[in-house]
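Peer 1: coords below, sequence missing:
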C-alpha cells in the first residue's frame, strides 16, 4: 500500500501543477511550497525546540489555536511553527497577528521533501487538526521521537481506515500517533473499533474559541452608525447563492439593513453590480459621515471583521452550504444568540445537525426557499429571539475541550 500511496501523492502533485495553469490559488500554493524551507530556516534555528501545528485550512487552524496557545504558555521558550495545506488558510493567518514564529505551506508528502523540510529544526511536539493525515510526515516525526497528536479528530465510516483495503493506513496511525483527541463520542468509538485505543473524547475546541469571542470588545468602527438601531441581517462568507438571498430580502423589505462579507474579496465588484447603491466599508473609513446615510446595504471589502460583525446582527446567513463550496463557520454567529440560516448541502458538520435539532437555525435546499423564510422570521420577533436563544444555549452547554486536552497532555508530556 505504501507504493500506491506514493503514486497517489505524485498524482496529486501533477494534478495541482496542471490546475495551477488555470487556478490562482493552486498556483500560489505551489509557489509557496517552494519557499517553505527558506521560511523556516530564516525564523527557526536548528537548535530550537519547536511546537508545530498543521492545519489543512482556516477552519482547522481555528480549531487548533486554543490548544496551541495553551502549549505556548506551558513551553514559552519553544518556537511555534504553523503549516497549511491550502492557500486560503495561509493567506488569512499570515495577514493577522498570530503567535507563530514561522508560518508556511506544508511540503508535499514525499519522503524526500519531508526529510528535507524536517531536517532544519527539532520538533518536540506536533499536532495535526481533524483528519489531515500525511503518512511520510507522521512516520518521519516519530522516527525523530516527536510527540504526535491529533486535535479535534473526526472519524466517519467512509474513511479509508474503515475499508478492507485500508489496513496499511490504519497501522500507520496506530504506530505514529501518540493520542487522538476526538470531537465526538461516535468518532472515538469508530477509532477504538479499529484498534486506535489511544483515543479519548475531548469535544470541539472551536466552541472554546467562540465562547471567548463574546467576552472581547466586538465593536467595529462605523457599524452602529450604519445600523441605526434597525434590524440587521449579516451575510457571512457569502457566495452566489447567499448573495441572491440578499438581493431578494433587500428588495422585499427596505427597512432591513444588510451587511455582506463575501468569502472572497474578488466578489466585491460583482456585489457592487448587484447592489449599485451599496456602501463599501472602505468608503466609511475614508468618509465617516456616510455611516449616517440611509444606505441599506454595506459590503465589507476587507478581511478580519466577520466574527465581530455577527454581534451586530439579528440573524445570520452563513455561506457555502447551498452548493459544493463547503459550509463555513456557523458557530461564530450562533455564539451571539442569533438564528443561523444556511444551505443543507453540507457534510461532516455535526454542529450544523445539532443546531438544527435544537431549532437554533434553519437549513434550506434552495436559496429561493430561504429568502421568504428569512423575511418572515425578521417580522416575528418572538420566534427569532427564541431561535437565537436556542443557538446561544447550544454553544453554552458544550464542554471545555481545550481544558480536557490540556489535562491529558499534562499526563502525556509530563508538565
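Peer 2: Here it is on my side, so go on. Bear in mind the structure is a predicted one, so any value in this text is a computation, not a measurement. Numbering: from 1, shown residues only.

Peer 1: Sticking with residue 387, tell me its helix or strand.
Peer 2: Secondary-structure element containing residue 387, defined by DSSP states H and E: helix 381-396.

Peer 1: Equivalent analysis for residue 124, please.
Peer 2: strand 122-129.

Peer 1: Could you pull up phi and psi at the residue lying closest to residue 387 once chain neighbours are set aside?
Peer 2: Nearest residue to residue 387, sequence neighbours excluded (C-beta to C-beta, 6 or more residues apart in numbering): residue 339, at 3.9 Å. Bear in mind the C-beta positions are built from the backbone N, C-alpha and C, glycine included. Dihedral pair for residue 339: phi -60, psi 150, per degrees, to the nearest 10.

Peer 1: circling back: go ahead and name everything in contact with the strand holding residue 124.
Peer 2: 46-56, 60-61, 63-64, 67, 71, 75, 78, 81, 134, 141, 144, 146-152, 413 (C-beta atoms under 8 Å, 6 or more residues apart in numbering).

Peer 1: Show me what the next helix or strand after that strand is packed up against.
Peer 2: Downstream of strand 122-129, the next assigned helix or strand under DSSP H and E is helix 135-143. With contacts taken as 3 or more C-beta pairs under 8 Å, 6 or more residues apart in numbering; DSSP states H and E, helix 135-143 sits against helix 111-118, strand 147-153, helix 167-176.

Peer 1: wait, isn't the residue nearest to residue 387 in contact with residue 363?
Peer 2: No - using C-beta atoms under 8 Å, residue 339 is not in contact with residue 363, being 11.5 Å away.

Peer 1: higher neighbour count, these two?
Peer 2: residue 339 (28 against 20; other C-beta atoms under 10 Å).

Peer 1: Can you point out the buried residues in the lowest-mean-pLDDT helix or strand in the chain?
Peer 2: One helix or strand of the chain scores below all others by mean pLDDT, DSSP states H and E: helix 87-94, with a mean of 82. Of the residues in helix 87-94, 87-90, 92-93 count as buried by neighbour count, 16 or more other C-beta atoms under 10 Å.

Peer 1: So for residue 406, which of the helices and strands packed on helix 135-143 sits nearest?
Peer 2: Residue 406 lies closest to strand 147-153 among these, at 11.2 Å (C-beta to C-beta).

Peer 1: what's the closest one packed up against?
Peer 2: helix 58-74, strand 122-129, helix 135-143, strand 179-182, helix 205-215, helix 401-413.

Peer 1: Skip ahead from the shortest one and say which helix or strand is next.
Peer 2: Once the chain leaves strand 179-182, the next helix or strand it forms, by DSSP H and E, is helix 185-193.

Peer 1: just checking, what packs against that following helix?
Peer 2: For helix 185-193, the packing partners by 3+ C-beta pairs under 8 Å, 6+ apart come out as strand 179-182, strand 199-201.

Peer 1: Any chance of these in CSV with distance to residue 329, mean pLDDT and mean neighbour count as columns?
Peer 2: What follows is those, written out as CSV (distance: least, C-beta to C-beta, whole Å; pLDDT from 0 to 100; neighbours: other C-beta atoms under 10 Å):
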stretch, distance to residue 329, mean pLDDT, mean neighbour count
strand 179-182, 20, 98, 24
strand 199-201, 22, 97, 19
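
Peer 1: Would you format the ones you listed as a markdown table with distance to residue 189 included?
Peer 2: Output for the helices and strands packed on helix 185-193, formatted as a markdown table (distance: least, C-beta to C-beta, whole Å):
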| stretch | distance to residue 189 |
| --- | --- |
| strand 179-182 | 9 |
| strand 199-201 | 9 |
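
Peer 1: Of all the ones you listed, which one is nearest residue 21?
Peer 2: Here strand 179-182 is closest among those (C-beta to C-beta), at 38.4 Å.

Peer 1: distance between that closest one and the chain's centre?
Peer 2: For strand 179-182, the separation from the chain centroid amounts to 19 Å (computed by C-alpha atoms, centre = their mean, to the nearest Å).

Peer 1: which residues sit against it?
Peer 2: With contact meaning C-beta under 8 Å, 6+ apart, strand 179-182 is reached by 149-155, 188, 191, 196, 198-202, 401, 404-405, 408, 412.

Peer 1: Report the buried members of those residues.
Peer 2: 149-155, 188, 191, 196, 198-202, 401, 404-405.

Peer 1: ok so, going back, neighbouring strands - and their directions - for the strand holding residue 124?
Peer 2: According to DSSP bridges, strand 122-129 has the following sheet partners: strand 49-55 (parallel), strand 147-153 (parallel).

Peer 1: Any chance of those in TSV with distance to residue 4 and mean pLDDT as columns?
Peer 2: Putting the strands paired with strand 122-129 into TSV (distance: least, C-beta to C-beta, whole Å; pLDDT from 0 to 100) gives the following:
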stretch	distance to residue 4	mean pLDDT
strand 49-55	23	97
strand 147-153	23	96
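
Peer 1: that older thread, looking at the helices and strands packed on strand 147-153, which is nearest to residue 39?
Peer 2: strand 122-129 (15.4 Å).

Peer 1: tell me which residues in that closest one are buried?
Peer 2: Buried residues in strand 122-129, counting neighbours by 16+ other C-beta under 10 Å, are found at 122-129.

Peer 1: from the residues you listed, which single one is nearest residue 292?
Peer 2: Of all these, the one with the least separation from residue 292 (C-beta to C-beta) is residue 129, at 43.3 Å.

Peer 1: and the closest one, bridged to which residues?
Peer 2: Bridge pairing for residue 129 (DSSP bridges) gives the partners residue 151.

Peer 1: Neighbours of residue 354, how many?
Peer 2: 14.

Peer 1: show me the residues around the closest residue to it other than its chain neighbours that make contact.
Peer 2: Once flanking residues are discounted, residue 354 sits nearest to residue 394: 6.4 Å by C-beta to C-beta, 6+ apart. Residues near residue 394 by C-beta under 8 Å, 6+ apart: 334, 354-355, 358, 360.

Peer 1: cutoff 10 Å now
Peer 2: Counting by C-beta atoms under 10 Å, 6 or more residues apart in numbering, residue 394 makes contact with 207, 331, 334-335, 340, 351, 354-355, 357-361.
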